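**Student:** got a predicted structure plus its sequence, pasted below:
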Amino acid sequence: MRTVLSVFLLLITSQMASAQVDCFDYADEGQTIVSGVSTKGVATVNADKELTIPRQVVKVLYNAFASLSNQNLNDMTIDGGNPEFEKQDGQNALSDVRQSLTAITINGSGMTTANIGTMLDGLGADNHIETIDIYNDAFPIDASITTTASLTDARVVLPASRVGSQQIGGAKIYGRFTMKEGSELATFCGNALFYDENDGSNFLFYIPTEIVEVNGEKRIHIQRVRYILPYQGILMHHTENSSLTVSLPRVDEKPHNEQYETDETRFAGNMLVGVTEPTAIGKITVKDGEAYVNMILKNGCFYPTSGGTLGANRAYLQVKQSDLQDVQNARIGIAFGEEDEATNIHPHTSEGTHQTSTFNHQPSQWYTFSGQRLADRPRQPGFYKKVKK
């Protein structure tokens, strides 16, 4: 019995309120389309001029969007599949909507870089694309996308952990930094240089740089940075009710400005150790004859690791063992508040003080690094030791 290869086509039929893109089955190239709408997926252009192509679609005909040229198509989403955009005489489906299409979203990890490039070819040089969002946590770090489209006025947004040296039609590359809902703190380490251009954002970046004494108490000096250097650990913090995601531009050439020089100096003393691949870490690391305790972030606190593997694109804190009076029970919490000379924290909340959640939501006792017990949560910004009762 002859095996029949099923392929799905995208065809457009005009409707009064919206246009519908039907996915049809057909046997082989050149054979007659089987009548009737496929039950395996229907794509619809809605009233907001948005089109979602379901994952079942594997091929889009070169003239599939021809009937939309007068209706306009503003946003298109590839929802997890890997559709091939058929080309004919240098044209594909996007050629018919290149004057109206402004945003493309690619969900999941299904679409190959080759098919992305072929899809973008249809945009040509006179397109109006502003943003291409690629949500693919497995996107190749250094895989450029070859396309004939001119995207110099567009930005391509990738997960920050997947940004390397990619080039995509001359577009500006951005990294998407994301924190899980319910988390106020997270660590990160990536492969590229980014710049935080969001002056009014409540999604901010810090590094701990040194332990200092203030009025006889030991504190960890934490500082906000605007440049996020590659292969460096970073602490991400967002305030309550603020966005869990921020996109920052990749910086392709080393900047020559005061802010970069300041941040580069700060990173020289970074107490966070970043990893870009899953990495085994032990309890103690010895450097220059000094023992350091390795601490990982969990539930808003750093606590000593018992050993194991730290996931990719994360960071851990290293603190001198001599600075911790009780290593086994040490918990380091972080308080954010008004600007303080000892910690150099920039204010970013209207309330003046912001504190992290307790470890495992259990009663805890806070201490300064010199061992002084605090009656309540710390009211000054900085790092503190936190011990479960």
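**Tutor:** That came through, no problem. Numbering: from 1, shown residues only.

**Student:** all strands of the stretch 201-350 of the chain, in order?
**Tutor:** With DSSP state E, counting those that start in this stretch as the criterion, the stretch 201-350 of the chain has strands at 203-214, 217-224, 227-228, 234-238, 245-249, 272-275, 279-281, 284-287, 290-298, 301-304, 308-310, 314-320, 332-337.

**Student:** can you give me the helices in the stretch 251-389 of the chain?
**Tutor:** 258-267 (DSSP state H, counting those that start in this stretch).

**Student:** so, low pLDDT: which residues of it?
**Tutor:** 335-389 (pLDDT under 70).

**Student:** coming back round to it: of all the strands of the stretch 201-350 of the chain, which lies closest to residue 120?
**Tutor:** Proximity to residue 120 (Cβ to Cβ) singles out strand 245-249 among the strands of the stretch 201-350 of the chain, at 19.5 Å. From N, CA and C alone the C-beta is placed, and that goes for glycine too.

**Student:** report the buried residues of that closest one.
**Tutor:** Residues 246-249 are the ones in strand 245-249 that count as buried (16 or more other Cβ atoms under 10 Å).

**Student:** determine which of the strands of the stretch 201-350 of the chain approaches residue 47 most closely.
**Tutor:** Per Cβ to Cβ, nearest to residue 47 of those: strand 245-249, 26.6 Å.

**Student:** the closest one pairs with which strands, and in what direction?
**Tutor:** strand 172-178 (antiparallel) (DSSP bridges).

**Student:** after the strand it pairs with, which helix or strand is next?
**Tutor:** Heading C-terminal from strand 172-178, the first helix or strand you meet, by DSSP states H and E, is strand 185-188.

**Student:** for that next one, name the packing helices and strands.
**Tutor:** In terms of contacts (3 or more Cβ pairs under 8 Å, 6 or more residues apart in numbering; DSSP states H and E), strand 185-188 is packed against strand 234-238, strand 272-275, strand 290-298, strand 314-320.

**Student:** now the following helix or strand past that strand: average pLDDT?
**Tutor:** Sequence-wise, the next helix or strand downstream of strand 185-188 (DSSP H and E) is strand 194-195. Strand 194-195 shows a mean pLDDT of 98.

**Student:** let the chain start at 62 from now.
**Tutor:** With 62 as the first residue, the last one maps to strand 255-256.

**Student:** for strand 255-256, which outside residues touch it?
**Tutor:** Residues outside strand 255-256 that contact it (Cβ atoms under 8 Å, 6 or more residues apart in numbering): 221, 224, 236, 287-289, 309-312, 316.

**Student:** same check on stretch 234-243?
**Tutor:** Residues contacting stretch 234-243 (Cβ under 8 Å, 6+ apart): 194, 216-221, 224, 227, 247, 249, 251, 253, 255, 264, 297, 299, 305-311.

**Student:** looks like residue 378 contacts residue 394 (just checking).
**Tutor:** No: counting by Cβ atoms under 8 Å, residue 378 stays clear of residue 394, with 11.9 Å between them.

**Student:** of all the strands of the stretch 262-411 of the chain, which one comes closest to residue 205?
**Tutor:** strand 306-310 (17.4 Å).

**Student:** output the closest one in PDB, but only the C-alpha positions, please.
**Tutor:** Presented in PDB, the C-alpha positions along strand 306-310 are these (Å, rounded to 0.1, in the frame of the first residue of the first chain):
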ATOM      1  CA  THR A 306      10.100  40.700  32.600                       C
ATOM      2  CA  VAL A 307      12.400  43.300  31.200                       C
ATOM      3  CA  SER A 308      14.200  43.400  27.800                       C
ATOM      4  CA  LEU A 309      17.700  44.900  27.600                       C
ATOM      5  CA  PRO A 310      19.800  45.700  24.500                       C
END
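
**Student:** quick one, it and strand 295-299 angle?
**Tutor:** If you take axes from the mean of the first three to the mean of the last three Cα atoms, to 10 degrees, strand 306-310 sits at 130 degrees to strand 295-299.

**Student:** if I look at residue 159, how far off is residue 122?
**Tutor:** Separation of residue 159 from residue 122 (Cβ to Cβ, to the nearest Å): 16 Å.

**Student:** got it, and residue 356?
**Tutor:** When residue 356 is compared with residue 122 (using Cβ to Cβ), they lie 56 Å apart.

**Student:** the two: which is more packed in?
**Tutor:** A direct count of neighbours by other Cβ atoms under 10 Å for residue 356 and residue 122 places residue 356 higher, at 24 against 16.

**Student:** ok, the more buried one touching residue 395?
**Tutor:** No: if you go by Cβ under 8 Å, residue 356 and residue 395 don't touch, sitting 11.9 Å apart.

**Student:** rewinding a little: who wins for proximity to residue 231 among the strands of the stretch 262-411 of the chain?
**Tutor:** Comparing the strands of the stretch 262-411 of the chain by Cβ to Cβ, strand 306-310 comes nearest, at 14.2 Å.
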